[in-house]
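Participant: Give the three-dimensional model of this entry:
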Amino acid sequence: MQNTTQTRPETFLIWSDEIENRFDPFFYRPIFKELLELLQKSKIKKIVLKDIASIFSGQRPKGGVRNIEKGIPSLGGEHVLNSGEIKTYELKYISEEFHGKHIKARVIAKDIILVKDGATTGKVGIIPDNYPYYECNINEHVFAIRINNKKAIPEFVFSVLYSDIGQQQIKKNITGATVTGLTRESVEKLFIPLPDLTVQQIIVKKIQEAYEKKGQKEQEIKVILSSMDNFILGELGIENIKTNKSAQIWENWSDAVEKRLDPMFFHPSRLQAIETVKKSNAPIMVLSEVVKFRRELVTSIPENLPYIGLENIVSDSGEYRETTTKENISSAFVFKKGDVLFPKLRPYLNKVFYADFDGICSTEFHVFEAKKCNPYFLFLFLNRSIVVEQTSRLMTGNTLPRLQTEDVENLLIPIPNEITQEKIVTGVKTMYEKAKRLQEEAEKLIAETHEQVKNMIFSEKQSTFN
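Facilitator: Residues are numbered from 1 along each chain as shown. Next comes the predicted model:
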């Protein structure tokens with residue numbers, strides 16, 4: 001598994017003739033020395049990465065990419081998953097013009113992506129043959145490693161870099177005090193044990209089989225998660241409609257015009273979502289009647305509290321992923337256990353979070369304290385696609401549409417009786433537990449397979465897995 005750390009206290013010594021080009025103790029940890037000795041004793045051919053690959057990085061346009069909603073995907077460290085896969089969702093984009101001027105940073109299928117700096121330095125993934133975006137670029141926080149496939153199989157090299165063989169070497173070469181990272185030179189010098197192509201092919205086949213099994217489990221997870229909409233809305237007596245979000249032409253009569261004149265305010269899918277919620281068998285309230293808005297702002301970020309940014313929340317599931325540091329954050333909202341965090345920006349409307357701990361969050365969230373319903377029920381309803389359509393209608397702004405407080409106050413919320421709320425909460429938590437268990441099984445499968453890869457590479461026979 002990637003990025004494992006050894007937490008036990010260490011005391012060791014080295015002789016003066018063992019000192020290389022660095023003096024920091026971390027560089028000489030016994031675990032690194034043991035790995036190098038294992039590589040040296042192995043009869044397998046060993047090369048350095050630069051002998052079989054070209055290594056390059058990229059950059060982003062001046063001003064960043066946050067406000068660019070479409071274009072060419074720009075891959076960064078946040079798009080490399082723990083499993084070694086590359087995200088196909090929550091992407092960031094650069095313009096086609098910028099991509100054309102930085103075509104040397106274009107990445108293609110079977111390129112390996114290595115995070116070069118930041119909290120996830122060393123995380124590695126590979127772009128699959130079936131990645132849905134033919135044109136992609138990378139930003140300045142990752143290296144792309146393009147393998148010469150006449151010398152090695154890219155998927156095999158990825159498996160080495162993903163395993164402890166690669167990860168321990170990568171960790172050893174991380175430099176920097178405040179901002180840590182990898183240099184191109186240190187990546188070029190990583191040792192790669194290179195068995196013959198037959199063995200590489202066996203290893204790659206085994207890894208592919210593991211990812212296929214992982215994919216089957218994840219498909220089960222998708223079925224579970226997709227059934228939540230039907231369950232929740234069904235209990236509320238709301239029909240789970242399929243709206244035509246892509247409609248380009250529609251009409252409204254003048255007597256139906258209210259408040260605003262912009263066409264998207266009257267988009268059929270948004271109007272349909274509102275009318276559908278109104279048909280619920282539960283009493284309908286507006287959000288301002290259901291919650292209290294928390295607006296406690298801090299400018300000095302407490303070190304003892306976790307911070308949540310938009311990138312910390314997994315779309316649709318609302319799961320929290322600890323990825324963001326609190327550096328360069330000038331202000332944040334305080335939230336309490338039991339609060340619901342609701343995004344303000346259009347691209348992130350499906351990143352709703354239920355807080356099961358106290359903390360602080362980005363000011364790009366609204367913070368709700370539920371007053372007239374179960375807070376977890378509120379989270380579940382706000383996380384439905386039918387709410388995204390409502391909020392898309394309510395938000396204002398042209399360049400970067402967002403939900404102001406006065407906009408979101410008018411969101412329609414069905415509030416069933418306490419028994420129904422509890423039934424919904426209990427049912428969904430059971431679904432989440434099953435999905436979580438399947439996800440853990442999938443991740444364990446990948447970790448165990450890569451451990452087998454390591455064992456096989458150093459095996460005397462190098463022919464089959466146990």
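
Participant: and Leu341, helix, strand or coil?
Facilitator: Assigned by DSSP: H, G, I helix; E, B strand; the rest coil, the conformation of Leu341 is strand.

Participant: and what of Gln168?
Facilitator: Of the three states, Gln168 takes helix under three-state DSSP.

Participant: any idea how far it lies from Thr120?
Facilitator: Distance, Gln168 to Thr120, by C-beta to C-beta, to the nearest Å: 16 Å. In short, each C-beta sits where N, CA and C put it, glycine included.

Participant: for Glu275, same thing?
Facilitator: Distance from Glu275 to Thr120, by C-beta to C-beta: 44 Å.

Participant: Would you mind confirming that Thr373 makes contact with Pro283?
Facilitator: Rather than Thr, residue 373 is Cys. No. Contact status for Cys373 versus Pro283: not in contact, 10.6 Å apart, counting by C-beta atoms under 8 Å.

Participant: got any residues that touch both of these two?
Facilitator: Common neighbours of Cys373 and Pro283 are listed as Ile415 (criterion: C-beta atoms under 8 Å, 6 or more residues apart in numbering).

Participant: Who has more neighbours out of the two?
Facilitator: Cys373 (18 against 10; other C-beta atoms under 10 Å).

Participant: List the residues that contact the more buried one.
Facilitator: By C-beta under 8 Å, 6+ apart, the contact set of Cys373 is Val290, Ile413, Ile415, Gln421.

Participant: can you pull out the helices in the stretch 51-200 of the chain?
Facilitator: Taking DSSP state H, counting those that start in this stretch, the helices of the stretch 51-200 of the chain run over residues 96-101, 154-162, 164-172, 184-188, 197-235.

Participant: Domains in the chain, by residue range?
Facilitator: According to automatic domain parsing, the chain comprises the domains 16-194, 195-236+417-466, 243-415.

Participant: can you tell me how far Ile415 sits from Lys123?
Facilitator: As for Ile415, its distance to Lys123 is 43 Å (criterion: C-beta to C-beta).

Participant: In CSV, list the domains of the chain along with mean pLDDT.
Facilitator: Listed next are the domains of the chain as CSV, based on pLDDT from 0 to 100:
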stretch, mean pLDDT
domain 16-194, 85
domain 195-236+417-466, 86
domain 243-415, 80
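
Participant: where's the residue lying closest to Ser54 once chain neighbours are set aside relative to Leu182, distance?
Facilitator: Among residues not flanking Ser54 along the chain, Arg146 sits closest, at 4.9 Å (C-beta to C-beta, 6 or more residues apart in numbering). Arg146 sits 17 Å away from Leu182, going by C-beta to C-beta.

Participant: Which one of those two is surrounded by more residues?
Facilitator: Neighbour totals were compared for Arg146 and Leu182, and Leu182 leads with 22 against 16 (other C-beta under 10 Å).

Participant: doesn't Lys116 make contact with that one?
Facilitator: Yes. Assessed by C-beta under 8 Å, Leu182 is found in contact with Lys116 at 4.7 Å.

Participant: what do the two both touch?
Facilitator: Phe143.

Participant: can you count the residues close to Gly77?
Facilitator: Neighbour count of Gly77, defined by other C-beta under 10 Å: 22.

Participant: Now do the same contact list for it.
Facilitator: Gly77 makes contact with Val115, Asp117, Gly118, Thr120, Lys123, His141, Val142 under the criterion C-beta under 8 Å, 6+ apart.

Participant: What is the burial count for Arg295?
Facilitator: Arg295: 11 surrounding residues under other C-beta under 10 Å.

Participant: Ok, the one 4 residues further on next?
Facilitator: Thr299: 8 surrounding residues under other C-beta under 10 Å.

Participant: pretty sure it contacts Phe333?
Facilitator: No. Here Thr299 lies out of contact with Phe333, judged by C-beta under 8 Å, at a distance of 11.3 Å.

Participant: that older thread, with secondary structure added, can I get the contacts of Cys373 in a markdown table?
Facilitator: A markdown table is the format used below for the contacts of Cys373 (three-state DSSP):
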| residue | secondary structure |
| --- | --- |
| Val290 | helix |
| Ile413 | strand |
| Ile415 | coil |
| Gln421 | helix |
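
Participant: could those residues go into TSV alongside distance to Ala435?
Facilitator: As requested, the contacts of Cys373 are arranged in TSV below (distance: C-beta to C-beta, whole Å):
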residue	distance to Ala435
Val290	27
Ile413	25
Ile415	27
Gln421	21
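
Participant: Can I get the buried part of these as one PyMOL selection?
Facilitator: Of those, the buried ones can be selected in PyMOL as follows, counting by 16 or more other C-beta atoms under 10 Å:
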select buried, resi 290+413+415+421
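
Participant: what's the closest of the contacts of Cys373 to Ala53?
Facilitator: Nearest to Ala53 among those, counting by C-beta to C-beta, is Ile413 at 54.1 Å.

Participant: just checking, the closest one touches Val290?
Facilitator: Yes. Counting by C-beta under 8 Å, Ile413 touches Val290, with 5.3 Å between them.

Participant: tell me, what's touching the two both at once?
Facilitator: Common contact partners of Ile413 and Val290 (C-beta under 8 Å, 6+ apart): Cys373, Leu378.

Participant: Just give me the neighbour total for Thr363.
Facilitator: 15.

Participant: May I ask which helix or strand encompasses it?
Facilitator: Under DSSP states H and E, no helix or strand contains Thr363.

Participant: same question, Met456
Facilitator: helix 418-457.

Participant: What lies in contact with stretch 180-194?
Facilitator: The contact list for stretch 180-194, computed with C-beta under 8 Å, 6+ apart, reads 36, 39, 42, 44-50, 52, 55, 57, 114, 116-118, 121-122, 143, 145, 152, 157, 160-161, 165-166, 169-170, 173-175, 200, 457-458.

Participant: Going through those residues, which ones are buried?
Facilitator: Using 16+ other C-beta under 10 Å as the burial test, these include 39, 49, 52, 55, 57, 114, 116-118, 121-122, 143, 145, 152, 157, 160-161, 165-166, 169-170, 173-175, 200, 457-458 as buried.

Participant: which residues of the stretch 301-450 of the chain fall in strands?
Facilitator: For the stretch 301-450 of the chain, the strands defined by DSSP state E, counting those that start in this stretch occupy 307-308, 332-335, 340-343, 353-354, 359-361, 365-370, 412-414.

Participant: Could you single out the most deeply buried of those?
Facilitator: With neighbours taken as mean count of other C-beta atoms under 10 Å, those reach their highest mean count in strand 340-343, at a mean of 26.

Participant: Just checking: what are the partner strands of that one?
Facilitator: Note on strand 340-343: by DSSP bridges, its sheet partners are strand 353-354 (antiparallel), strand 365-370 (antiparallel).

Participant: can you list the residues that contact it?
Facilitator: Here strand 340-343 makes contact (C-beta under 8 Å, 6+ apart) with 291, 308, 310, 313, 335, 349, 351-355, 361, 364-368, 370, 375, 378-379, 382, 403, 408.
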